[in-house]
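[1] Sharing a model that was predicted from the sequence below.
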Amino acid sequence: MNRAASALLSVRELSVSYRVRQEHHRVRLRAIHGLSFELAAGETLGVVGESGSGKSTIARALLRLVEAESGEAWFQGRDLLKLSNAELHPLRRHLQLIFQDPIGSLDPHMSIGETLSEPLRVF
């Protein structure tokens, strides 16, 4: 059941931690804790923060490129965090991660509009 039927994407209490090595032992580094937001169809969400603040981790967790510790991420009536890889695969064509590195993300031979609309033409 989609908790926010009117939202295209509804994220509730998303938390992600990494295990990192520090002085000969592993510690837990909390990257995201308790993040919640809703995004309606036609809306745009920009996530801004300093390097290492968790911006890319949010997108990676929603696409399941990193594992979330807890939370829900409802998209088209399905919780992305609970789907099998086979169930998630067709939904990934509707989700796009745009990396913050403009040199690696943007083609200097294309306008921003062309770059952003290219995935829509492909799929």
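    That came through fine.

[2] Do a quick rundown of the helices in this structure.
    Using DSSP state H, the helices of the chain run over 55-62, 85-88, 102-105, 112-122.

[3] Dump those helices into JSON lines; add distance to Arg19, mean neighbour count and mean pLDDT as well.
    For every residue, glycine as well, the C-beta is placed using N, CA and C. Formatted as JSON lines, the helices of the chain follow (distance: least, CB to CB, whole Å; neighbours: other CB atoms under 10 Å; pLDDT from 0 to 100):
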{"stretch": "helix 55-62", "distance to Arg19": "14", "mean neighbour count": "20", "mean pLDDT": "92"}
{"stretch": "helix 85-88", "distance to Arg19": "22", "mean neighbour count": "11", "mean pLDDT": "91"}
{"stretch": "helix 102-105", "distance to Arg19": "27", "mean neighbour count": "9", "mean pLDDT": "62"}
{"stretch": "helix 112-122", "distance to Arg19": "33", "mean neighbour count": "10", "mean pLDDT": "82"}
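
[4] So for Leu35, which of the ones you listed sits nearest?
    Leu35 lies closest to helix 55-62 among the helices of the chain, at 6.7 Å (CB to CB).

[5] Counting by contacts, list what that closest one packs against.
    In terms of contacts (3 or more CB pairs under 8 Å, 6 or more residues apart in numbering; DSSP states H and E), helix 55-62 is packed against strand 9-22, strand 25-39, strand 70-75.

[6] winner for burial among those?
    Greatest average neighbour count among the helices and strands packed on helix 55-62 goes to strand 70-75 (a mean of 19), per mean count of other CB atoms under 10 Å.

[7] Thank you kindly, that will do.
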